[in-house]
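[1] next input, structure requested:
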Amino acid sequence: MTARINLMIRLALRNLLRQVRRSILTALALIIGGALLMFSVSLGDGTHEDWIESAVRMGSGHIALQAPGFYQSRKIDDRLSEQARRAAEEALRSLEVARHVVNAVPRLTTDGLASSPNGARPAQIMGVDPVAEVGYSILDDKLAEGRYLESDDRLAAYVGTGLAEALQLRVGARLVVTAQDSDGEIAGQLVRVVGIFKSGVPEIDQAVIHIPLTTAGSWLGVGDDITTLAVLLDSSYRMSEVTSVLRRLLAGPIGDGELALLGWREAMPELDAAVKVDNLGNYMFQGVTFGIIALAIVNTILMAVLHRRREFGLLQAMGLSPRETGALVLIEGVILTALSGLVGIGLGIFVTWLFWRNGLDISFTWDADWSFSGVVLDPIIVPMFRLSRIAQGLVFILFIGAIASLYPAYRAARIDVAEAMKFDR
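    Take a look at the predicted model:
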């Protein structure tokens, strides 16, 4: 059996080398398709990673460790207990998790009201550790005026341009933030604006206020308690792995209803939907492209089969069964597809890296910042190469080649020996 298979592989390679022009023409279609596949996939993955990175740094991270009811209520009552926080911080220090954690920052967040002599606006007031936040958030880099919070700040506030314009605030101006404290009473806190930021996302610029964590804890009467431990990972693709480990390590607090894990997909469903829709568009484009390539392969191999009827007749007369004749054609298609796929994917990776490794600038396609679901779209798209995507691309190309070779293989298997021997080339 093994000798028979080796014989058919040798025959397949010989036939491919005999028909060099046909093999090259068929291979070119697959090489171009493979290169386009890797180009579109690597740029698509790079775009999505940029979206996610921007969103999680302005939000609650790739993973948010919170009290179970906080995501829905946004109330200070639904904050992490001291015991749950210690357990979460210990789990984040474990070797399985720590190697993928870039940063983990404590936050005390509540919905309230921001007011000045010129009006009042709803606000999301966020108590942060200024030092830790600089290594986590990107809001400190979005400075429009003044400066970001510092470690020795007490009654300081960092506000968005939208809120500053609505309340007519400037650096040095005072405003009052009001929210419900831990006793259920309405409490106010006077703060002074030390900086104004512009993230480019209206929902953030019009509502978010950063104040020192110690100030927020004292004002709301919660001491050192927090509502969220925001975790930033080295890649969004690590989220499932890290979440699985954290659920195992924190099975006790989670089971007791003291702690909940929230991934970015649950925290930002609009962004998750946008990534899925964009992926679907890429898959449809690739499906149409390879559908056309598959038809070209079918046509080329089928014409070759009809042209080689006498050859197949001789092979069957010499002992090759009809099934083996069909398998020979299928092996030719798979070998040609595999080699072309490897060359195409390699070419796609090389060209993408060579010309766009520092990013593909598409800023000419729009005049202003585009944003959605808490994300400002970056016009510089940096490709992202992943081994899993390369493997998927190769498997996909092999699948297309095998499917495209099935009908020609079937026709080859159905060749009548007596008729084929009469066939005059």
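
[2] let me see the domain layout of this protein.
    What automatic domain parsing lists as the domains of the chain is 2-55+272-422, 60-267.

[3] what is the mean pLDDT for the last one?
    Yep, that's domain 60-267 we're talking about. Domain 60-267 shows an average pLDDT of 92 in the prediction.

[4] regarding it, how distant is the last residue from the first?
    Start to finish, the residues bounding domain 60-267 are 8 Å apart (Cα to Cα, to the nearest Å).

[5] just stretch 361-380 next, same as before
    Distance between the two ends of stretch 361-380: 5 Å, counting by Cα to Cα.

[6] rewinding a little: reformat the domains of the chain as JSON lines; add mean neighbour count.
    For every residue, glycine as well, the C-beta is placed using N, CA and C. Formatted as JSON lines, the entries for those read as follows, by neighbours: other Cβ atoms under 10 Å:
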{"stretch": "domain 2-55+272-422", "mean neighbour count": "17"}
{"stretch": "domain 60-267", "mean neighbour count": "18"}
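
[7] let's verify the residue nearest to residue 217 when sequence neighbours are not counted: helix, strand, or coil?
    Counting by Cβ to Cβ, 6 or more residues apart in numbering, residue 217 lies nearest to residue 223, which is 5.4 Å off, once chain neighbours are set aside. Three-state assignment for residue 223 (DSSP: H, G, I helix; E, B strand; the rest coil): coil.

[8] again with residue 384
    When the structure is reduced to helix, strand and coil (three-state DSSP), residue 384 reads as coil.

[9] does it touch residue 45 like I think?
    Yes. Counting by Cβ atoms under 8 Å, residue 45 is a contact partner of residue 384 at 4.2 Å.

[10] can you check the pLDDT for residue 393?
    Reading off the model, residue 393 has pLDDT 87.

[11] so who does it touch?
    By Cβ atoms under 8 Å, 6 or more residues apart in numbering, residue 393 lies in contact with 34, 37-38, 41, 341, 345.

[12] likewise for residue 226?
    Taking Cβ under 8 Å, 6+ apart as the contact definition, residue 226 lies against 79-80, 85, 106-108, 127, 213.

[13] run the last query once more with 6 Å
    Going by Cβ atoms under 6 Å, 6 or more residues apart in numbering, residue 226 touches 80, 106, 108.

[14] same check, this time on residue 107
    Each residue near residue 107 by Cβ under 6 Å, 6+ apart is listed here: 126, 128, 228, 230.

[15] for it, name its beta-bridge partners.
    Here residue 107 sits in beta bridges with residue 128, residue 228, going by DSSP bridges.

[16] okay, strands next: where are they in the stretch 51-200 of the chain?
    When assigned using DSSP state E, counting those that start in this stretch, the strands of the stretch 51-200 of the chain occupy the ranges 63-66, 101-116, 119-128, 143-146, 156-160, 174-180, 186-197.

[17] does the residue nearest to residue 217 touch residue 216 like I think?
    No. Between residue 223 and residue 216 there is no contact, the gap being 10.6 Å when judged by Cβ atoms under 6 Å.

[18] what do residue 384 and residue 45 both touch?
    Contact criterion Cβ under 6 Å, 6+ apart; residues shared by residue 384 and residue 45: none found.

[19] not counting sequence-adjacent ones, nearest residue to residue 401?
    What sits nearest to residue 401 in space, not counting adjacent residues and going by Cβ to Cβ, 6+ apart, is residue 337, at 2.5 Å.
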